[in-house]
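# Provided below for reference: sequence and predicted model.
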Protein chains: 4
Amino acid sequence: MTLVLTDLPDAAQRAVAATRERVAALHAELPRNQLVVWTAGNVSERVPDLPEDIPGLFVIKPSGVSYDGLTPETMVVCTLDGAKIVDGTPDALSPSSDTAAHAYVYEHMDHVGGVVHTHSTYATAWAARGEEIPCVLTMMADEFGGPIPVGPFAVIGDDSIGRGIVETLRGSRSPAVLMQNHGPFTLGKDARAAVKAAVMCEEVARTVHVSRQLGDPLPIEQSLVDSLFDRYQNVYGQR
Amino acid sequence: MTLVLTDLPDAAQRAVAATRERVAALHAELPRNQLVVWTAGNVSERVPDLPEDIPGLFVIKPSGVSYDGLTPETMVVCTLDGAKIVDGTPDALSPSSDTAAHAYVYEHMDHVGGVVHTHSTYATAWAARGEEIPCVLTMMADEFGGPIPVGPFAVIGDDSIGRGIVETLRGSRSPAVLMQNHGPFTLGKDARAAVKAAVMCEEVARTVHVSRQLGDPLPIEQSLVDSLFDRYQNVYGQR
Amino acid sequence: MTLVLTDLPDAAQRAVAATRERVAALHAELPRNQLVVWTAGNVSERVPDLPEDIPGLFVIKPSGVSYDGLTPETMVVCTLDGAKIVDGTPDALSPSSDTAAHAYVYEHMDHVGGVVHTHSTYATAWAARGEEIPCVLTMMADEFGGPIPVGPFAVIGDDSIGRGIVETLRGSRSPAVLMQNHGPFTLGKDARAAVKAAVMCEEVARTVHVSRQLGDPLPIEQSLVDSLFDRYQNVYGQR
Amino acid sequence: MTLVLTDLPDAAQRAVAATRERVAALHAELPRNQLVVWTAGNVSERVPDLPEDIPGLFVIKPSGVSYDGLTPETMVVCTLDGAKIVDGTPDALSPSSDTAAHAYVYEHMDHVGGVVHTHSTYATAWAARGEEIPCVLTMMADEFGGPIPVGPFAVIGDDSIGRGIVETLRGSRSPAVLMQNHGPFTLGKDARAAVKAAVMCEEVARTVHVSRQLGDPLPIEQSLVDSLFDRYQNVYGQR
């Protein structure tokens, strides 16, 4: 069964349109922060505030399209099983080949409103060794509350990537996971928060890598990691 | 014997003009993706759909010209033996000093429609050690289907670079070869695909390098490499 | 007790406005010189030439605001105890979460007119190992007059970061300190000088790191460091 | 004795003006190619085709001025002893603090028409170890004809830097020298050629550094270096 976008109530159509705007605009942060090359990498966001009788929806990048060509209209609307909504336009694009992984996360983690996937260089380099990033920076304690964990090797095409993400991050403070030999996935309350986590994940992956090249970074005591994390989550930024 | 461009049938002249446009525009991707400095690096494309009685042609960058000064008009049209077409304009430029290598590839690999050469930093660093890049990333399995191989040391000026490329890549899944002490050459069905391969080649060269700096990346089983490659070549992107 | 900005004499209000302009504009140098990602990093400047009966003031970045959104109006005015001035506008923003550290420096180092904090990659990598940067470059002797020292591990939220900066840099020629596991703070006679020190700190952190990766950089004799430092501080630039 | 610019014959004044234009414009290549931060780095050019009875002149960057503020008018005209020409404008700027080194090169190497000095990261990292860059890349054989040599440690302020450059490069094919603990100086027939050499010097410094991080680059036989150098100097580019 496929939903038709123009059959939805007006408020839901407006929510979908606003999400498409946000997701299209946030994709620009990926090349701007040097997290992606060519067409790799994708951002998705759960459509917020839908009426209860409408199935959950999210918006994601079309597959294999260049970052220069991304507009709100080209963003693809999907149901949480990853099936694309047939929205009436005959030239609607296919969603990202990572759509099944995004969908699985939305279906199994209710508090997640945004997901980002990249192959950013330093995070992927840790992932290729299957090695978690140790928490040796105060900015890492702030944002991740501990090490950034490694998820299992998983092939694309079924729900094994999604399952690997959820099993690794459920119960973790970290909004990022390094999928082995593959690259980082990051989560957030919305797409903007997940993009921020992707940017910070690469930055700490790079800084800890560089530090380790010439010796061993000094560990930070767990109680200090805890208090940095608590303060950052509750005090930082504007109320 | 030299061909004169304005003697060709109209359809052929239009195909040449369109190829010049594409090749000039694609050169901008080289500095944009940080694959080249100064005037190094070049893109060429076989002119498609020429009438059968016209010898094969390709379009390539002029030699030693800055990326800012590249326009469709400055692109040089060559026959497959690398001889420049005298196109009537008295100020026609000399083609890239790598023209013989591009020509050799077009003459000996019918399915190749585009060739790119750069000295991109990380790929060239592997080439200087004469070491192939192992396939330890899913994105590398996707695009290259295995390791990126090393070609022989070859001097410029005869067909030894072209022969080295063809002998290394014939029968390989990889669209990229690292010519020893020199740098990468990449192939594609058209110039855009070859540029994409050049971008991906540098990105995986860099990521695997970084990963190896702090230990050994985990290998990916051959059967998984195969299935990633098959899926990417057949499912990824828009139909 | 809180000061109200519009109660200050006209000359003081003009000095505050000019400082806000400078501090807002200088923040653009942080991403431009690749010292920060996302909203991390902050610049402050002491308001110069205030009447004697007005308490010391400085201007700093608001907390957690993106670099694209920084205007003179969004800059926050603080007294030297770090308390924000209630300036009459109901939507005045909260100051940077590093404000207490900046305030402590201004209160305890009279000659300091500008402070910058970043998590720039290479400087932070040295900080994570708790290792000072040795003075092995003439440009480092010029600007820093010796090694860049490491300050103590200190948690955010009280004055321990400020104290660590002051105790490390009092009596040092270096305008930069690497706070352990955290990142660099730099000082200057005004905000522009502190930003320059932040840029140079990252550049020498990176260059010495790269040099050390393949061996030991050659030391520079102390007497030569001294004469380079003296000349640069007194002769370089326009009179 | 000081020359006054407006006392020179018209043709000489035009040659000076044209050189100022070129030198000002070429400075933009330094930040664009990421060779400099802040105000570091400078380009100079000998004024060509002056009448025989006028002493040699060159044009160089003013000291400590930001790259954004460089215009032809701010460029400083110097005689070959490094003394600035008093050109009548009361606000004429002081020349770069490296002026004496540039002047010494022009006075002692007649074929040199342009000089560039930077602290570019990777070249300076080799310089800090006092280690020449081995010739293991074909593009290095093309441009440098062999290794890039190291010059002596020399303090600024007298002619010891200039002497170190000339003694190291006289009789060498390389247009670049790494001054120990300091950074690269590059020479060319004009300023543009010296800028190109500075860009290539950093690129090969970086590529060979990266290659060496994971093993030993393969040497290139001397006879092959020779033939690559000869071809590049005589065949490459447009006639």
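Good, I have the coordinates.
# now residue A:138. Nearest residue, chain neighbours left out?
residue C:182 (4.6 Å; Cβ to Cβ, 6 or more residues apart in numbering or on different chains). For every residue, glycine as well, the C-beta is placed using N, CA and C.
# whichever residue of chain A sits closest to chain C: which element?
Nearest to chain C in chain A, going by Cβ to the nearest Cβ, is residue A:237, at a distance of 2.9 Å. Using DSSP states H and E, residue A:237 falls within no helix or strand.
# counting neighbours, what do you get for the closest residue to it other than its chain neighbours?
In space, and not counting its chain neighbours, residue A:237 is closest to residue C:64: 2.9 Å by Cβ to Cβ, 6+ apart. Neighbourhood size, residue C:64 [other Cβ atoms under 10 Å in any protein chain shown]: 16.
# what about residue C:64, which SS state?
coil (DSSP: H, G, I helix; E, B strand; the rest coil).
# hmm, it is touching residue C:39, no?
Yes - counting by Cβ atoms under 8 Å, residue C:39 is a contact partner of residue C:64 at 5.2 Å.
# quickly list what's touching both of these two.
Counting by Cβ atoms under 8 Å, 6 or more residues apart in numbering or on different chains, the shared contacts of residue C:64 and residue C:39 are residue A:237.
# so residue A:45 lies in a strand, does it not?
Yes - counting by three-state DSSP, residue A:45 falls inside a strand.
# sorry, back to before: the residue nearest to residue A:138 touches residue A:141, doesn't it?
No - in this structure, residue C:182 is not within contact of residue A:141 by Cβ under 8 Å, at 10.0 Å.
# ranges for the strands of chain A?
Along chain A, counting by DSSP state E, strands occupy A:42-46, A:57-60, A:76-79, A:114-117, A:150-151, A:176-179, A:183-188.
# the residue in chain A that chain D sits nearest to and chain B, how far apart?
Chain A approaches chain D most closely through residue A:213 (9.0 Å), counting by Cβ to the nearest Cβ. For residue A:213, the distance to chain B equals 6 Å [Cβ to the nearest Cβ, to the nearest Å].
# could you do residue A:3 as well?
Residue A:3 sits 21 Å away from chain B, going by Cβ to the nearest Cβ.
# so, low pLDDT: which residues of chain A?
A:1-2, A:86-91, A:236, A:238-239 (pLDDT under 70).
# any idea how far the residue in it positioned nearest to chain B is from residue B:235?
Taking Cβ to the nearest Cβ, chain B has its nearest neighbour within chain A at residue A:64, 3.0 Å off. Distance of residue A:64 to residue B:235, given as Cβ to Cβ, to the nearest Å: 10 Å.
# quick one, the longest helix that chain A contains and strand A:183-188 angle?
Counting residues, the longest helix found in chain A (DSSP state H) is helix A:191-213. Here the directions of helix A:191-213 and strand A:183-188 differ by 140 degrees (axes from the mean of the first three to the mean of the last three Cα atoms, to 10 degrees).
# contacts only, for residue A:20.
Residue A:20 touches A:59, A:72, A:73, A:75, A:77, counting by Cβ under 8 Å, 6+ apart.
# count the neighbours of residue A:49 for me.
9.
# before we move on, the earlier item: what is the burial count for the residue of chain A closest to chain D?
With other Cβ under 10 Å as criterion, residue A:213 counts 17.
# let me know how buried the residue of chain A closest to chain C is, in neighbour terms.
Count around residue A:237 with other Cβ under 10 Å applied: 15.
# ditto for residue A:84
By other Cβ under 10 Å, neighbour count at residue A:84 equals 18.
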